[in-house]
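In: Please find the sequence and the predicted model below.
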Amino acid sequence: MIPAGYMAKRVEKSPDWLGAPNVDDIYSVSSCVSGAFADYINYWRHNGYWLFDSPDVISQVAERNAIDLEGARLFYYEVHDYQFDQAAGRWVSFAPEPSFALEVERPAAARLEGYDVVCFSVGTSPECSPLSCNGLAKEISTNRHCLLSSFEDAKGLLETGRFVTCEPGPYRIFAVYLLDWP
């Protein structure tokens, strides 16, 4: 897994429409249910994975733009170095956007919460997380944060076509870590 970056998010409780009684809240990489702290792309401080290189960069963006981080949770992400092309049924390489710097600081301490599968049809920022966005968590076993318990589970579900009817791919697998936020 490759260090991809950080995001501050406003974590939402599991919506009723999800229909997954074991899911308490949504830790997905996408912002469809639990949104990012801001419409951050407009500030152009993200890295080549369209995340942030450090928590300090998030704090700077928030401070300079009067964005309240109260109640936001801090996540760190790592991404698998291949994405799954569902049309071709195979893993293919991809790279971060080269016009943005990529200097991700690894956290000193982080808690692995699970794995998310995210679509990247445009190839830039994370789009939808089908487990939460498309309600697959009612059909696929997830943890209480609507994440898969292992990388192997995520890989196997992609390779067996469980995400084919959701969103256009390709799909990337992310490890989702929660950090303490001051």
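Out: Thanks, I have the structure now.
In: The helix or strand hosting residue 156 - what's its average pLDDT?
Out: Per DSSP states H and E, residue 156 falls inside helix 151-159. Across helix 151-159, the average pLDDT comes to 95.
In: What is that helix packed up against?
Out: On a contact count with 3 or more Cβ pairs under 8 Å, 6 or more residues apart in numbering; DSSP states H and E, helix 151-159 meets strand 111-119, strand 171-179. The way it works is simple: take the backbone N, C-alpha and C, and place the C-beta from them, glycine included.
In: For it, which outside residues touch it?
Out: 1, 80, 84, 86, 89, 115-117, 140, 148, 163, 171, 173, 175 (Cβ atoms under 8 Å, 6 or more residues apart in numbering).
In: Ok, which of the helices and strands packed on helix 151-159 comes nearest residue 55?
Out: Residue 55 lies closest, by Cβ to Cβ, to one member of those: strand 171-179, at 7.3 Å.
In: Let's see the helix or strand of the chain with the lowest mean pLDDT as PDB, backbone CA atoms only.
Out: Ranking every helix and strand in the chain by mean pLDDT, DSSP states H and E puts helix 130-133 at the bottom, with a mean of 90. Below are the C-alpha coordinates for helix 130-133, written out as PDB (Å, rounded to 0.1, in the frame of the first residue of the first chain):
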ATOM      1  CA  PRO A 130     -20.200   1.600  -3.300                       C
ATOM      2  CA  LEU A 131     -20.500   0.000   0.100                       C
ATOM      3  CA  SER A 132     -22.100   3.200   1.400                       C
ATOM      4  CA  CYS A 133     -23.100   5.300  -1.700                       C
END
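In: re earlier: I'd like the contacts of helix 151-159 as CSV, with pLDDT and neighbour count appended.
Out: Converted to CSV, the contacts of helix 151-159 look like this (pLDDT from 0 to 100; neighbours: other Cβ atoms under 10 Å):
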residue, pLDDT, neighbour count
1, 95, 13
80, 97, 22
84, 95, 23
86, 87, 20
89, 89, 11
115, 98, 26
116, 97, 29
117, 96, 30
140, 93, 17
148, 97, 23
163, 87, 22
171, 95, 26
173, 97, 24
175, 98, 24
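In: Between which two of these is the distance greatest?
Out: 89 and 175 (23.6 Å).
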